[in-house]
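*Asks:* model this:
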Amino acid sequence: MARRGKRYDTGEAKLNVKKIIAVIVFILVIIMFIVGIKYLLENHSENASGRIETITYYTIYDNGKWGVIDSHGRLVVNANYDEMIVIPDNTKEVFLCAYDIDYENNTYKTKAINTKEKEVIKGYETIEAISNYDKKQNMWYENNVLKVKKENKYGLCNISGKEILKCEYENIEPIQGIQNSLLITKDGKYGLCDNTGNIIIEPKYKNIDKIEEDYKNGYIIEDENGKKGIIGIDKSEVLKCEYEDIKQIVATNMFVVKKENKYIIIDKEGNTIIEDKFDDVEGINGEYIIAKNENKVGIIDKTGETKVEFKYQEIKAAGDYYITKKNDKFGIIDINGEEKVAHEAIDISYYTSGKFFIVDYLENNKLESKVIDTNFETKVIGIVTEVNETKGYFRLYEEQGYKYYNFKFEEKASQNILTTNTLFLSKKNGKYGFVDKEGKVVVDYIYDDATEQNSSGYAGIKKDGLWGAIDTKGKVIIEPEYNLDNNTKIDFIGTWHLCEDINSNYYLDV
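*Replies:* Presented below is the predicted three-dimensional model:
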């Protein structure tokens, strides 16, 4: 008898399931590959250097109306809207627009559209990005989450429009300065969820607050009796609600709490570690407590012994050292109170990732910065204009122009730092120009000032007090004829420039 084929050789006529699944998986992989290529072509483009870049989007304001441009300066949403268009994630085609605005009654509707001005998220009365601010008032939008409203109740969806939290809450708002931490209100009580809609704390508290600037430290909760405790991000009870106040201070196994109208330091079990040694606590650094007595700041240890005399206006931990303020000037001391940097600076910042200090001085109304290491040796002098902790470099302005250094204080060519750029800022005989990766001059040294090329490939050029812009090839697309003296940051996208208020983050037609 003729054989019927391998997949029927089991004695009973049935399919080889493994083989069929393998075929299906193969087909799905092909489909996903095609879809991926399509997405890549639609959302990415090749820049002048031949690199594939992601298309990004920016809000613009033109003739009293709002629209959207892409990273090439092309208008992708016409400037027809009366209110500012919000872009929650500038790598995604999701633009939030207000319409049917009644200014008298303060009512409006919102919609989410793409570059074809078609709605991409439907079924809600309003759709809003969730804005947040850090302590320096730098604004951002919460990642991959939108606040939506249906039947006068709020919920959440992700940037793709998928509902991740049902619309059953009276309000949803972020905890200021903390990412991935959203307060939800129900029946007048507060709870907490993250950006995926996962409920961390059920809505049953009078208030919920942060512990310093990271959600991983947990949250301070307040019950209906006004007593405070702490809940961890794993929903565990760290401290019971039995304290009058809890300081927003992070420390290993130590908490600053108020009990019987005075601050004390306790451990996780509620045992008192220190009391009656301070009026207030401003921070904890390892085993040492930055405390305040009679309106002066000093440092004590866990036994209550004074390590640094109470004589400073401010003390801030900086690794193993302390930045201190005295007579309105800043300096650096060690734990024994020994002065390492004299109190002559107008500001001092410490960068943990590089383990260095930037010390700012004002001499004859002229700002000067010294970058010093933890041995308190001055490594470079100039004006620090940028510190990039992610990429591990800082940029310094000197008389000779801008220079780049890694965190080992080694000077690096801008070509080795700004690896995606096609042009690089250069200075010669007091004038600025641009060179390519090989150092060949592309734009002559004729400008009084200029900016490095931004992520979209544009750079600002200044001549006779006025600004213009060049493109990725060094071609002038805007002659220097615009006064931007009031702008905090100079930045161009095509023929559009960033507005004066950097936090507003929209572009104007020059």
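
*Asks:* Just give me the residue closest to the centre of the protein.
*Replies:* residue 140 (6.1 Å; C-alpha atoms, centre = their mean).

*Asks:* Skipping adjacent residues, who's closest to that one in space?
*Replies:* Excluding the flanking residues, the one nearest residue 140 by C-beta to C-beta, 6 or more residues apart in numbering is residue 132, at 5.7 Å. Yep, even glycine has a C-beta here, placed from its N, CA and C like the rest.

*Asks:* can you pull the contacts of the one you found?
*Replies:* Counting by C-beta atoms under 8 Å, 6 or more residues apart in numbering, residue 132 touches 139, 140, 141, 142, 174, 176, 177, 178, 179.

*Asks:* again, only this time at 10 Å
*Replies:* Residue 132 makes contacts with 138-142, 173-182, as judged by C-beta atoms under 10 Å, 6 or more residues apart in numbering.

*Asks:* Those, buried ones only, as a PyMOL selection?
*Replies:* Those of those that count as buried under 16 or more other C-beta atoms under 10 Å are selected in PyMOL with:
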select buried, resi 140+141+142+174+175+177+178+179+180+181+182
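
*Asks:* From the contacts of residue 132, pick the one nearest residue 280.
*Replies:* residue 177 (21.0 Å; C-beta to C-beta).

*Asks:* Secondary structure class of that closest one, three-state.
*Replies:* Put simply, residue 177 is coil when judged by DSSP: H, G, I helix; E, B strand; the rest coil.

*Asks:* Now do the domain split for this protein, please.
*Replies:* 1-46, 413-510 (automatic domain parsing).

*Asks:* Pick out the shakiest of those, pLDDT-wise.
*Replies:* Ranked by mean pLDDT, these bottom out at domain 1-46, with a mean of 41.

*Asks:* was I right about residue 401 contacting residue 434?
*Replies:* No - look at residue 401 against residue 434 with C-beta atoms under 10 Å: they stay out of range, at 12.0 Å.

*Asks:* what touches both of those two?
*Replies:* In contact with both residue 401 and residue 434: 425, 426, 450, using C-beta under 10 Å, 6+ apart.

*Asks:* Distance check, the closest residue in space to residue 503 that isn't next to it in sequence against residue 194.
*Replies:* Closest residue to residue 503 apart from its sequence neighbours, by C-beta to C-beta, 6+ apart: residue 139 at 4.9 Å. Distance of residue 139 to residue 194, given as C-beta to C-beta, to the nearest Å: 20 Å.

*Asks:* And residue 154, by the same measure?
*Replies:* In terms of C-beta to C-beta, residue 154 sits 16 Å off from residue 194.

*Asks:* got it, and residue 233?
*Replies:* Residue 233 sits 9 Å away from residue 194, going by C-beta to C-beta.

*Asks:* list the residues that contact both of those two?
*Replies:* Between them, residue 233 and residue 194 share these contacting residues under C-beta under 10 Å, 6+ apart: 180, 181, 200, 215.

*Asks:* Test my guess that the last one contacts residue 181.
*Replies:* To tie it back to what came earlier, the one meant is residue 215. Yes - using C-beta under 10 Å, residue 215 is in contact with residue 181, at 4.6 Å.

*Asks:* shared neighbours of those two, anything?
*Replies:* Common neighbours of residue 215 and residue 181 (C-beta under 10 Å, 6+ apart) are 175, 192, 194, 200, 233.

*Asks:* from those, which single one is nearest residue 495?
*Replies:* Using C-beta to C-beta, residue 175 comes nearest to residue 495 of those, at 39.6 Å.

*Asks:* Identify the residue spatially nearest to the closest one, adjacent ones excluded.
*Replies:* Nearest to residue 175 is residue 181, by C-beta to C-beta, 6+ apart, at 4.5 Å.

*Asks:* ok so, going back, and residue 154 and residue 194? Which one has more around it.
*Replies:* Neighbours per residue, other C-beta atoms under 10 Å: of residue 154 and residue 194, the larger number sits with residue 154, 23 against 19.

*Asks:* Tell me what the more buried one is bridged to.
*Replies:* residue 149, residue 169 (DSSP bridges).

*Asks:* How about residue 361?
*Replies:* Beta-bridge pairing of residue 361 under DSSP bridges involves residue 368.

*Asks:* check contacts around it.
*Replies:* By C-beta under 10 Å, 6+ apart, the residues touching residue 361 are 329, 330, 344, 345, 346, 347, 367, 368, 369, 370, 381.

*Asks:* Serialize those to CSV and add fields for neighbour count, distance to residue 80 and pLDDT.
*Replies:* As requested, these are exported to CSV (neighbours: other C-beta atoms under 10 Å; distance: C-beta to C-beta, whole Å; pLDDT from 0 to 100):
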residue, neighbour count, distance to residue 80, pLDDT
329, 16, 54, 98
330, 23, 51, 98
344, 13, 56, 97
345, 21, 51, 98
346, 12, 47, 97
347, 15, 45, 97
367, 14, 44, 93
368, 13, 49, 94
369, 22, 46, 95
370, 18, 52, 97
381, 14, 51, 96
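
*Asks:* separation between residue 132 and residue 88?
*Replies:* 12 Å.

*Asks:* can you list residues touching both of these two?
*Replies:* With C-beta under 10 Å, 6+ apart as the test, residue 132 and residue 88 both reach 140, 141, 142.

*Asks:* In terms of helices and strands, where is the last one?
*Replies:* Using DSSP states H and E, the secondary-structure element containing residue 142 is strand 139-150.

*Asks:* any idea of the pLDDT on the closest residue to residue 114 other than its chain neighbours?
*Replies:* Spatially, and ignoring its direct neighbours in sequence, residue 114 is nearest to residue 93 (4.1 Å; C-beta to C-beta, 6+ apart). For residue 93, the pLDDT comes out at 96.

*Asks:* now residue 252
*Replies:* What the model reports as pLDDT for residue 252 is 81.

*Asks:* Would you mind writing the CA trace of stretch 84-103 as CSV?
*Replies:* Taking only C-alpha atoms (Å, rounded to 0.1, in the frame of the first residue of the first chain), the coordinates of stretch 84-103 have been written out as CSV:
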residue,chain,number,x,y,z
MET,A,84,-2.4,75.1,22.0
ILE,A,85,-2.1,71.6,20.6
VAL,A,86,-0.5,69.2,23.1
ILE,A,87,1.9,66.5,22.0
PRO,A,88,2.3,64.0,24.9
ASP,A,89,5.1,62.1,23.1
ASN,A,90,6.8,63.8,20.3
THR,A,91,7.8,60.5,18.7
LYS,A,92,4.2,59.5,18.2
GLU,A,93,1.5,60.8,15.9
VAL,A,94,-0.9,61.7,18.7
PHE,A,95,-1.9,65.3,18.9
LEU,A,96,-4.5,66.6,21.4
CYS,A,97,-6.6,69.4,20.2
ALA,A,98,-9.4,71.4,21.9
TYR,A,99,-12.6,72.4,20.0
ASP,A,100,-16.1,73.5,20.6
ILE,A,101,-14.7,75.9,23.2
ASP,A,102,-17.1,78.0,25.2
TYR,A,103,-14.9,80.6,27.0
